[in-house]
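Asks: okay, here's the prediction I keep looking at, along with the sequence it came from:
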Amino acid sequence: MAENLVEKPFELLIAVKSMIQDDIALRQGALIAKAVQARTTLLKVISHQSQIAKAEQELAQAEELLAPLPVNRLIRVGIPPKEIIQESKRGSYDLMVVGESPLNLFMEAFLTHTVERVIRGMACPVLVARPLSRPLHRILLCEGGQSTSLLPTVTGPLAPLMRCAEKVMVLHVMSQITARPGIQGWELRATAEELIDQQTPEGTRLIYVLEVLHPLNLDLDVKVRHGLVVEEILAEAQTGDYDLIIVGHSMLRGLQRFLVDDPVHKLIIHGEHPILVI
Amino acid sequence: MSSAPSDPPPEHAAELKWGKTETTAEMAELQARPRYQQLGLDKIGFFVVSLFLFIFALSLMKQGAGTLAPLIQDLFRIDNAVNALGFGWIFAYLIMSGSPVAAAALTFLDAGILDKYSTFCMITGSRLGASFIVLFIGFIYVMRGRNRVNSLGMGLLSLVVTGTTYLAALGVGILLLINGSLDQVQLNSVAFLGSFMDLIFTPLVEFLLRILPEWLLFFIGFGMILVSFSLFDKAVPQMSLKESQVGNLGQFVYRPWVMFGLGATITLISMSVSVSLAILVPLGQRGFVRRENVIPYIMGANVTTFIDTLLAAVLVNNHTGFTIVLAQMVSITIVSLVVLLFGYEKYQRVTLDFIQKVLSSQLGLVVFMALILVVPLLLLLY
């Protein structure tokens, strides 16, 4: 995979939303930009032309947080998720950072989160920032095998970000139970090492993941948990004190979008850690 | 977050009924079968015979039920809704099936042995008892030395989901019966079916009545219902899911309402919750299914499992019986939808945690098994 590790500048897009001193996407984005020496584009979406002057002022303040790194400033007029998606498609960004907008319980049931709308239309990986921003030293990489873009992206455009980590834990969650009595289900209690030793489908997949990530020279570890997928990811993130959760997003199309549940949605709603969706 | 399963290792192949790849040899074997089997005429035959026996059985049970009043009311002392619940529950345990017990409840209603609330509770009890079957089969495997957690997981889950939702639905259903909101909902074709049944089956029943005691007709009919369900199982086509889109079910976590619909649809076709749970095996290929998918599936199965009882109510030609079964279906649907829409994640977590606790120790399992045996007995003695 060494040929995937290109040395072009890391292109970062930060969608700035609220008051600069409170903007969580900006704070997290600044930490990332400084860690990987990124070329950063600050994007502010406003609803009316009359807000341009204020937006320019805010972006100027934001740029100070990123000094001395190179920064572009963009102001767009329109609907935030739509403009953010369009900009992510226009530029060849390696990563986009957006801030989570907490919704109350009532609104959660009826409104589609702006962040989730961005994720659905994303043209590059999206990092959902949280109120508590911190350097990304400990990363939890959730590997399920459904997203075909996760590993190539992590070892390719996001390699500079991964190399900043002190530790990367590859997590696989088995949420199955036996469908009927008599099925031997030792795998449903097995550790990662046991699954790898016995070369089960999960074990084989984990070996493959470790081989793909090996060229990044990371401090890698692998773990298997058994339980509900979202719960186990959140539990692991909590107990392991990780700074970032990386998950793959299956690009479901057509009928599948209505039929298949979206764990990313639940991780965003229930989690407290920054989430990088690929 | 979890990988797609593949074919099971050789030592597991014998455990699984489905999940084999069709080979050239198997295709040749299929083509070598008699023509009627290739066309599925044998399955149609099983279905027709099963239906005939089902209707005949109901006619016999309906005829003989009246003579059992002393047995039910004096010996078993079934005289209120609570002990009717326990009676249906224990009865279903004994015969390892819920539908015949539900059919029996309808004939008791028709004979005036049970009132509508007791009938409703007896049918509820039959479903609680029926959900024990999957657990019982798992328990046999435990006795044979299989791992406790894996052998009992699905059975315990089925019992707990069924128990919690049906007991909540009990209250809703009783309210529906009290306020009479479903009384006007009836099938217009009942009269036509009644005439049709009179033409075909009444002469047969009368013939048996001339040569056998009336009370025996109930038990013959009961036995016949068990045979009819067994024949119906043979009539259900074996689904080859490996090649279909549905065979990928194990990979994804489907939305709860999708699994609810799937459980309801498959049980509507198979008319058996046990069969529809067993069908999860090929859907999971290695014999595993996603635990996120199972609970809503069981809930859906618990709604349409009443279709055969609804048919029995139509055939018994008792309007109150039809209303009772309809109240069952409506109440369990309401409870399931409320859980799925407003509290599914919490319900899922609590249920799975409870099962984990029960299975984590021998004592927990023994206490649980004791409870599900003792509770219906206590209800029966009320």
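Replies: Yep, that arrived. Residues are numbered from 1 along each chain as shown, chains lettered A, B, ... in the order given.

Asks: are we agreed that A:Leu12 is in a strand?
Replies: Yes. According to DSSP: H, G, I helix; E, B strand; the rest coil, A:Leu12 belongs to a strand.

Asks: excluding its backbone neighbours, what's nearest A:Leu161?
Replies: A:Val36 (5.7 Å; C-beta to C-beta, 6 or more residues apart in numbering or on different chains). C-beta coordinates here come from the backbone N, C-alpha and C atoms, glycine included.

Asks: residues contacting that neighbour?
Replies: Contact analysis of A:Val36 by C-beta atoms under 8 Å, 6 or more residues apart in numbering or on different chains lists A:Phe10, A:Leu12, A:Pro160, A:Leu161, A:Cys164.

Asks: the helix or strand hosting the third one packs against which elements?
Replies: Using DSSP states H and E, the secondary-structure element containing A:Pro160 is helix A:159-163. Of the remaining helices and strands, those touching helix A:159-163 by 3 or more C-beta pairs under 8 Å, 6 or more residues apart in numbering or on different chains; DSSP states H and E are helix A:24-36.

Asks: then the helix it packs on to PDB, C-alphas only?
Replies: What follows is helix A:24-36, C-alpha atoms only, in PDB (Å, rounded to 0.1, in the frame of the first residue of the first chain):
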ATOM      1  CA  ILE A  24     -16.700  23.200  17.700                       C
ATOM      2  CA  ALA A  25     -15.900  22.400  14.100                       C
ATOM      3  CA  LEU A  26     -13.400  25.300  14.000                       C
ATOM      4  CA  ARG A  27     -11.700  24.200  17.200                       C
ATOM      5  CA  GLN A  28     -11.400  20.600  16.200                       C
ATOM      6  CA  GLY A  29     -10.400  21.500  12.700                       C
ATOM      7  CA  ALA A  30      -7.700  23.800  13.900                       C
ATOM      8  CA  LEU A  31      -6.100  21.000  16.000                       C
ATOM      9  CA  ILE A  32      -6.200  18.700  12.900                       C
ATOM     10  CA  ALA A  33      -4.800  21.400  10.600                       C
ATOM     11  CA  LYS A  34      -1.900  22.100  12.800                       C
ATOM     12  CA  ALA A  35      -1.200  18.400  13.400                       C
ATOM     13  CA  VAL A  36      -1.000  17.600   9.600                       C
END
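
Asks: following that helix, which helix or strand comes up?
Replies: strand A:39-46.

Asks: adjacent strands (with direction) for that following strand?
Replies: Here strand A:39-46 is paired, per DSSP bridges, with strand A:11-16 (parallel), strand A:71-77 (parallel).

Asks: please give me every residue in contact with B:Leu85.
Replies: B:Cys121, B:Met122, B:Thr124, B:Gly125, B:Leu170, B:Pro376, B:Leu379.

Asks: now it: which helix or strand?
Replies: Assigned by DSSP H and E, B:Leu85 falls in helix B:81-95.

Asks: so which elements touch the helix or strand following that helix?
Replies: Using DSSP H and E, the next helix or strand after helix B:81-95 towards the C-terminus is helix B:99-110. For helix B:99-110, the elements it packs on are helix B:41-65, helix B:81-95, helix B:116-130, helix B:214-235, helix B:307-316, helix B:319-342, judged by 3+ C-beta pairs under 8 Å, 6+ apart.

Asks: just the endpoints, please. Distance across stretch A:173-180?
Replies: 21 Å (C-alpha to C-alpha, to the nearest Å).

Asks: can I get the helices and strands packed on helix B:99-110 in CSV with distance to B:Phe260 and mean pLDDT?
Replies: Below are the helices and strands packed on helix B:99-110 laid out as CSV (distance: least, C-beta to C-beta, whole Å; pLDDT from 0 to 100):
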stretch, distance to B:Phe260, mean pLDDT
helix B:41-65, 27, 86
helix B:81-95, 24, 91
helix B:116-130, 17, 93
helix B:214-235, 24, 87
helix B:307-316, 16, 89
helix B:319-342, 6, 94
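
Asks: distance to A:Arg134 for these - can I get that in CSV?
Replies: Below are the helices and strands packed on helix B:99-110 laid out as CSV (distance: least, C-beta to C-beta, whole Å):
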stretch, distance to A:Arg134
helix B:41-65, 64
helix B:81-95, 56
helix B:116-130, 52
helix B:214-235, 59
helix B:307-316, 57
helix B:319-342, 35
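
Asks: can you say which of the ones you listed is nearest to B:Tyr297?
Replies: Across these, B:Tyr297 has its closest neighbour in helix B:319-342 (11.2 Å, C-beta to C-beta).
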